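Engineer: one predicted model, sequence on top.
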Amino acid sequence: MNDKKTTTPPPVLSLVKVNVTGVVQGVGFRPFVYRLAKELSLNGYVLNGSAGVEIEAEGDPKTLEHFLKRLRDEKPSQSTISDLTVQFLSPKGYSSFEIRESDSAGAKTVLVLPDLAACPDCVREIFDSADRRYRYPFTNCTHCGPRFSIIEKLPYDRPHTTMKSFELCPTCRKEYVNALDRRFHAQPTACPQCGPQLEAWNPDGRILAGKEEALKLAEEAIREGQIVALKGLGGFQLLCDARNAEAVGLLRTRKHREAKPFAVMFPSMEEIKKVCRINAQEEALLLSPAAPIVLVYKNEGAEGLAQAVAPENPQLGVMLPTTPLHHLLMRDLGFPVVATSGNLSEEPICFEEKEALERLKGLADLFLVHNRPIARPMDDSVTRVLAGKPQILRRARGYAPLPVVLKESGETVLAFGAYLKNTVALAKDNKVFLSQHLGDLGTLPSMEAFEKSLSDLPKLYEADPTTAVVDLHPDYPSTRRGQESGWPLIKVQHHLAHLYACAAENHVTGPAFGAAWDGTGLGDDQTIWGGEFFRIGLKDERIGHLRPFSLPGGDQAAREPRRCALGVLYEMGHDEVFTWNDIPSIMAFEPAELVVMKKLLKNPDTPRTSSMGRLFDAVSSLAGLCQKSRFEGDAPMSLEFALKAGESHERYPFPLLLEGTGFILDWEPMIKEILNDVRNKVPAGLISLRFHNALIESLVDAAKKEGCPQVLLSGGCFQNRYLAEGAIRRLKEDGFTPFWHQQVPPNDGGLALGQAAYARKILKNK
């Protein structure tokens, strides 16, 4: 009998080619893929490309299917997969799995990661006396640290960042090339031997100390009530002891910031909870990798902070330490500090040492700086929880430049944004990349930051815009700059852009009804709009608005609520109102001033407005709360914070009057009742409650008249928590589906997104 020799058939191999797009560079994605492939005995490679991460893995088909599932399910926590394409190909005979050098060819479509707060592992290291990075302020890894603030071009590799001049020491190099190490290809990685260092400077730029001694000098200055300018992740912050009334008052005086609230950095969550009420969602925001400022409510009777930190305000902007430098500082100090932007009001923050010495001259007593260059300024983001969902109010560190993903692709356009709270936006493929918050375009530093961002985004993504999109207002610097760009131009009305921004981020398609309520925006009729209702869809149409009134002094009325009140009263009673000496708004003027106001109101050239923001100003003035604003939004905030919310549904009449095919919201019956309440000494809190409830019900009435189930809420007025949450609740109760902002601010900081979305629609329908 002849025995036949049996042989094992060779395994059936297959090869899978995977392209992953999204936030997949700078987050440890390649080491994750490498470890997973090694564990599953797969061969092939992984590399960073200009569009994301490219993988080829070879093995038996079942193992490859398992690999693909785990790729999605176990991805690094900081990563986001936008798209994952898979092709099964013939095997190539790879003998091992490796991480290859980055491929910079091809279109730049990879998502740049925002700057991320220090991760728990890095925080543990800086407080471990046995660790070689003990008390090193620039510790980071693939899970945390600077990203957008240091990147100069794609792909995201060290030679393309501001860390390129710091040569890695042998130990750091070993970590950097070890695929199993937490710092594998962590581009900003460094240590005390080879990385950036601290220095303390006096206001003239003279070096006082370096490294640990510099930090100690800064801490001592804060303890003594001085103001320290600290160079953080994306620029300078001004710090002082938040418990010290004299120090906070000094900061207000030097910064020319009379009453606008300051943000406060606390050493720990436990310390925040001693002062504020924190729910689970707010805590999650504070502890997130973005680590933004979060607006929360103070505890009743809470002590420990100087009153001047957030005067007459039940809310407080709180944050936790974001970088290792902040962790060291706050652990050493053990008490909360004011942490406000290193700038004068409404300018972009300083981010270069020389610039800081010039622009912060007279503001700071000591400068704590470092030699890691910042590629672009990055302010702290501001967020809150609204109607059970996080909402961004200022979009910067931790969020920019992550895109808003649209439902469809389209032409590449560059949106130039608004005048206030400017951001710019690049729409490419199915994404809109928004710049960080740049500030108001009324100063040279703001315009410089604006110009840099205009070139920054297209350069970063190697985009060639075909169209510029601007606001309708011809005098906005952003509009003029768009007109000078040489690209074909699309102009979009301010409030229509607000609603398109809300629709874009919520993927609202088809007809929608929208309320755009804010302070100022030029209307199609060349008057000042701001209390607008639109129908958007195939045809965009303004179908309703607030009854207009005069603004004596134009822009000055936006800074003096008493003028707005006078404009409303004059519309009702003409000359008679100047004798109403029992009304706070009239009493706020000197007799000679009233003579001037009368002339302005009789002048046919005095600006007219339908602005809901200015109506808020008028009612705040009538209620005796605010006659001259100390900062933007002062009067509406005073009105909101006076409100005593409860079960009461009391409201003033705010009728909707039909006009042609549209309608007007008539404020006169409401103002008459407010006047009666003021004369009868009704508390301002009750006046505020009745006013807010009237606005909410008027919005629901307008939605009912239009009958469209999808309702968009946008504009700065919807930063008012009671108004926004009340409108959302009532619309839902009456069967509507409301949409509001979460990814971009409801204020002008989100306008560029709406401009881009509107332009895409126009270009598509050409």
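Structural biologist: The structure has been received and is ready for your questions.
Engineer: please identify the helix or strand for residue 687.
Structural biologist: Here residue 687 is covered by helix 684-706, with elements defined by DSSP states H and E.
Engineer: what do you get for residue 214?
Structural biologist: Secondary-structure element containing residue 214, defined by DSSP H and E: helix 211-223.
Engineer: average pLDDT for that helix, rounded please.
Structural biologist: Averaging pLDDT along helix 211-223 gives 98.
Engineer: determine the set of other helices and strands touching the helix or strand just after that helix.
Structural biologist: Note on helix 211-223: by DSSP H and E, the next helix or strand toward the C-terminus is strand 228-231. Using 3 or more Cβ pairs under 8 Å, 6 or more residues apart in numbering; DSSP states H and E as the contact criterion, the elements in contact with strand 228-231 are helix 211-223, strand 236-241, helix 353-359, strand 366-370. For glycine as for every other residue, the C-beta is placed from the backbone atoms N, C-alpha and C.
Engineer: what residues sit buried inside the last one?
Structural biologist: Put plainly, it is strand 366-370. Neighbour-count burial for strand 366-370, with 16 or more other Cβ atoms under 10 Å as criterion, is recorded at 366, 367, 368, 369, 370.
Engineer: can I get these in JSON lines including distance to residue 734 and pLDDT?
Structural biologist: JSON lines is the format used below for these (distance: Cβ to Cβ, whole Å; pLDDT from 0 to 100):
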{"residue": "366", "distance to residue 734": "57", "pLDDT": "98"}
{"residue": "367", "distance to residue 734": "56", "pLDDT": "98"}
{"residue": "368", "distance to residue 734": "55", "pLDDT": "98"}
{"residue": "369", "distance to residue 734": "56", "pLDDT": "98"}
{"residue": "370", "distance to residue 734": "55", "pLDDT": "98"}
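Engineer: got the contact list for residue 59?
Structural biologist: Neighbour list for residue 59: 13, 14, 40, 41, 42, 43, 67 [criterion: Cβ atoms under 8 Å, 6 or more residues apart in numbering].
Engineer: go ahead and name everything in contact with stretch 340-356.
Structural biologist: With Cβ under 8 Å, 6+ apart as the test, stretch 340-356 has contacts from 201, 205, 229-231, 234-238, 251, 255-257, 260, 262-263, 359-360, 364, 367, 369, 374, 376-380, 438-440, 442-443, 445-446, 448-449, 631.
Engineer: and with 6 Å instead?
Structural biologist: When contacts are defined by Cβ atoms under 6 Å, 6 or more residues apart in numbering, stretch 340-356 is touched by residues 229, 235-238, 256-257, 262, 359, 369, 374, 377, 379, 438-440, 443, 445-446, 449.
Engineer: quick check on those residues: which are buried?
Structural biologist: Of all the contacts of stretch 340-356 considered here, the ones buried according to neighbour count by 16+ other Cβ under 10 Å are 229, 235-238, 257, 262, 359, 369, 374, 377, 379, 438-440, 443, 445-446, 449.
Engineer: compute the inter-axis angle for the helix holding residue 214 and strand 366-370.
Structural biologist: 150 degrees (axes from the mean of the first three to the mean of the last three Cα atoms, to 10 degrees).
Engineer: could you number the chain from 16 rather than 1 from now on?
Structural biologist: I'll keep to 16 as the first residue from here, and by that count the last item is helix 226-238.
Engineer: what helices or strands is the lowest-mean-pLDDT helix or strand in the chain leaning on?
Structural biologist: The least trusted helix or strand in the chain, going by mean pLDDT, DSSP states H and E, turns out to be strand 95-104, with a mean of 87. Of the remaining helices and strands, those touching strand 95-104 by 3 or more Cβ pairs under 6 Å, 6 or more residues apart in numbering; DSSP states H and E are strand 29-38.
Engineer: downstream neighbour of the strand it packs on in the secondary structure list?
Structural biologist: helix 44-54.
Engineer: show me what the helix or strand immediately after that following helix in the chain is packed against.
Structural biologist: Heading C-terminal from helix 44-54, the first helix or strand you meet, by DSSP H and E, is strand 58-64. If contacts are counted by 3+ Cβ pairs under 6 Å, 6+ apart, strand 58-64 sits against strand 67-74, strand 112-114.
Engineer: so what's the residue count around residue 432?
Structural biologist: Burial measure for residue 432: 35 neighbouring residues, criterion other Cβ atoms under 10 Å.
Engineer: ok so, going back, show me which of the contacts of residue 74 are buried.
Structural biologist: For those, a neighbour count by 16+ other Cβ under 10 Å gives the buried set as 28, 29, 55, 57, 58, 82.
Engineer: now do the host helix or strand of the last one: distance to the chain's middle.
Structural biologist: Secondary-structure assignment from DSSP H and E places residue 82 in helix 76-88. Centroid separation between helix 76-88 and its chain, computed with Cα atoms, centre = their mean, to the nearest Å, is 37 Å.
Engineer: do the same with stretch 38-52
Structural biologist: Relative to its chain's centre, stretch 38-52 lies at 28 Å (Cα atoms, centre = their mean).
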